[in-house]
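Chemist: 3D, please:
(4 chains)
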Protein chains: 2
Amino acid sequence: MTAKKKPVRAAPQRAARPKHSVVAAALIDEIRSGRHAPGALLPSEPELCRRFEVSRHTIRVALRSLYEKGLILSRQGHGSIVQATAVEPRYGFACSSIDDLLQYAAATPREVLGTARIDVDPALASWLGCEPGYPWWEIRTRRLQEAGGAAIASSRVYVPEVYGAAVRELKKSPLPLFALMEARYGHHIAQIRQTFSVVAATAGEAADLGLEAGAAVMCVERRFIDERGGLLEVSRSVHPPGAFRYELTVRQMLGTERP
Amino acid sequence: MTAKKKPVRAAPQRAARPKHSVVAAALIDEIRSGRHAPGALLPSEPELCRRFEVSRHTIRVALRSLYEKGLILSRQGHGSIVQATAVEPRYGFACSSIDDLLQYAAATPREVLGTARIDVDPALASWLGCEPGYPWWEIRTRRLQEAGGAAIASSRVYVPEVYGAAVRELKKSPLPLFALMEARYGHHIAQIRQTFSVVAATAGEAADLGLEAGAAVMCVERRFIDERGGLLEVSRSVHPPGAFRYELTVRQMLGTERP
DNA sequence: CACGGGAGCTTGTCCGCACAAGTCGATGCA
DNA sequence: TGCATCGACTTGTGCGGACAAGCTCCCGTG
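Modeler: Numbering: from 1, shown residues only, chains lettered A, B, ... in the order given. Sure thing, here's the model as predicted:
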């Protein structure tokens, strides 16, 4: 055995941090300290190479990390523009399907109690967030724990009249309405606003659920909005106590780095 | 003038797509078609170099794009593991502070009704999601619409005994408990699990809120978890009907590419 | 003065090479 | 059998170079 084996690592306390990480940290610090103001250009890549005495490749890896943190934005032929002064810890969640998001009880059977073409009066229009006077569809549905079992949801769903074909399909398909609209009209949902609250059930809702009028129920209002900001669907579902739980796990989102 | 100027661009109809983009598209297609199953390893980078006849740099740019789409995950010394078979539109939401997330009514005054050091019995332990037998703190608080006004929230907050200093500070500071814990102990919150449901108020909660026992209330349970998976705080807040609304806007998230 | 075009800058793409660091199975010794 | 070690293989880091593509400004031409 020669003595050379095991490089010995003379200075184990050295963090041995990659250069690009050191450069990125330095640039983040400079931005936070105001040396590079938002809207201004960062020094060019060749200049940063000279300053930090690293290759352009290393600089680019560092800049990508700044980009992923939302601090800069690079444009070919122009430069890297400072976007924000600090990288804040961001909390959020992501899911890959709308069903996850809505926590749809796909297993529970849905009953379509009725569909009606209605003209939106001012009161309804203000709740829907649309202009009054136009025709919409109103669909009343109910969900049961199992077929013939207890009701766990009573919903009123409103969609503009033009989506009538999707509404007519609703009785034959187990899919949720937004899925039918997406499939038939190609408008895909870009945004969903959900509100959770406890309210007193209306007479109709109480009847659907087998409760006395005015009983406290969980009310979930949802607005589905397409990529142009147009309202696709508005729904109000109420659930009796104990029948509905909404779970939301939010985690700190780290930048998605892959050097 | 010589004739050499303007490279003429013999085939302008060529899309001139970057090679890394072509490689990425090919790999995405292969994954979607099932040629690379989820959990399996992608061919190694040198092998992809040979297959596509490009440099390793180009392969790595392509793989990064797959990573950012959530399709693969690379581990040094091991390889690139297929995570998902298709790049789906992802929905999510993000906010930059926990306060936004909790929609804290920072304006409403908080009343600390009492703090107690308790030993966690098995029933409580199972609800908290911790081991029984250890001492915890239980804090009872109430929030009022305005000083002297109607109660809009009654909470039971549980934290491990070691955070006693933060608990004692609670009466003097208007900050929420998790903020005190973060400030004093440096454990920052990595994950929050929230559950919304309608339940019957317990006798104590009903008394806090001025309702009759068993009244239906909105119940929000929150678990604060640190980066090592440890439980920092568990809380259960109940709100009378109409006093609490939780709003959640979720939008389609586009991938963040920077080539 | 309007405008086209080029110089000179920027970032984007792409190639080559080399070594470090991490994983995992095979090997061989106890 | 159990375990330490080695080596083959993987991705990560870092260097050098070159050219393409895009943006701005400036200058000369009409």
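
Chemist: where does pLDDT dip in chain A?
Modeler: Applying pLDDT under 70 to chain A flags residues A:1-16, A:88-92, A:94-107, A:147, A:251-259.

Chemist: how about the residues of it by DNA strand D?
Modeler: A:5, A:18-21, A:53-58, A:61, A:75-78, A:258-259 (Cβ under 7 Å from any atom of the strand). Placement of C-beta: from N, CA and C, glycine included.

Chemist: out of the residues you listed, which sit inside strands?
Modeler: residue A:75 (DSSP state E).

Chemist: emit the PyMOL select command for whichever of the residues of chain A next to DNA strand D are buried.
Modeler: A single PyMOL command selects the buried members of those (16 or more other Cβ atoms under 10 Å in any protein chain shown):
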select buried, chain A and resi 20+21+54+58+61+258
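
Chemist: mark which of the residues of chain A next to DNA strand D are part of helices, please.
Modeler: A:19, A:20, A:21, A:56, A:57, A:58, A:61 (DSSP state H).

Chemist: ok, the last one to residue A:18 distance?
Modeler: Residue A:61 sits 8 Å away from residue A:18, taking Cβ to Cβ, to the nearest Å as the criterion.

Chemist: for DNA strand D, what's the nearest residue on the stretch 51-200 of chain A?
Modeler: For the stretch 51-200 of chain A, the residue closest to DNA strand D is residue A:77, as judged by Cβ to the nearest atom of the strand, at 2.5 Å.

Chemist: where does that residue fall, phi/psi-wise?
Modeler: phi 80, psi -10 (degrees, to the nearest 10).

Chemist: helices of chain A, residue ranges please.
Modeler: Going by DSSP H, chain A shows helices at A:19-32, A:45-52, A:56-68, A:98-102, A:122-128, A:164-169, A:177-185, A:203-209.

Chemist: tell me which of the ones you listed lies nearest to residue A:222.
Modeler: For residue A:222, the closest of these is helix A:98-102, at 7.4 Å, according to Cβ to Cβ.

Chemist: for the closest residue to residue A:225 other than its chain neighbours, give me its contacts.
Modeler: Leaving aside its sequence neighbours, residue A:225 sits nearest to residue A:191 (Cβ to Cβ, 6 or more residues apart in numbering or on different chains; 4.2 Å). Residue A:191 makes contacts with A:224, A:225, B:249, B:250, B:251, B:252, as judged by Cβ atoms under 8 Å, 6 or more residues apart in numbering or on different chains.

Chemist: weed out the non-buried ones from those.
Modeler: Neighbour-count burial (16+ other Cβ under 10 Å) is assigned, among the contacts of residue A:191, to A:224, A:225, B:250, B:251.

Chemist: in strands, which of the residues you listed fall?
Modeler: If you go by DSSP E, the buried ones among the contacts of residue A:191 have A:224, A:225, B:250, B:251 in strands.

Chemist: these two touch, right, the last one and residue A:193?
Modeler: No. Using Cβ atoms under 8 Å, residue B:251 is not in contact with residue A:193, being 9.5 Å away.

Chemist: list just the nearest of the buried ones among the contacts of residue A:191 to DNA strand D.
Modeler: Nearest to DNA strand D among the buried ones among the contacts of residue A:191, counting by Cβ to the nearest atom of the strand, is residue B:251 at 27.1 Å.

Chemist: distance of that closest one relative to residue A:225?
Modeler: 9 Å.

Chemist: anything in contact with each of those two?
Modeler: Joint contacts of residue B:251 and residue A:225 (Cβ under 8 Å, 6+ apart) are A:190, A:191, A:192.

Chemist: I figured the last one hits residue A:223, correct?
Modeler: Looking back up the chat, that one is residue A:192. Yes. Between residue A:192 and residue A:223 a contact is recorded at 7.0 Å, counting by Cβ under 8 Å.

Chemist: of the two, who's got more company?
Modeler: residue A:192 (22 against 18; other Cβ atoms under 10 Å in any protein chain shown).

Chemist: quickly list what that one is bridged to.
Modeler: With DSSP bridges applied, residue A:192 shows beta-bridge pairing to residue A:224, residue B:250.

Chemist: so how far is residue B:247 from it?
Modeler: Taken as Cβ to Cβ, the span from residue A:192 to residue B:247 is 11 Å.

Chemist: then residue A:160?
Modeler: 23 Å.

Chemist: look at these two and report which has more neighbours.
Modeler: Shown here are residue A:160 and residue B:247; by other Cβ under 10 Å, residue A:160 has more neighbours (19 against 11).

Chemist: can you pull the contacts of the more buried one?
Modeler: Contacts for residue A:160 (Cβ under 8 Å, 6+ apart) come out as A:130, A:134, A:135, A:136, A:137, A:231, A:232.

Chemist: count of residues packed around the fourth one?
Modeler: Look at residue A:136: counted by other Cβ under 10 Å, it has 21 neighbours.

Chemist: touching, it and residue A:115? I think so.
Modeler: No. Judged on Cβ under 8 Å, residue A:136 makes no contact with residue A:115 at a distance of 11.0 Å.

Chemist: mind checking how far the nearest residue in space to residue A:210 that is not next to it in sequence is from residue B:93?
Modeler: Leaving aside its chain neighbours, residue A:210 sits nearest to residue A:151 (6.1 Å; criterion: Cβ to Cβ, 6+ apart). Separation of residue A:151 from residue B:93 (Cβ to Cβ) stands at 30 Å.
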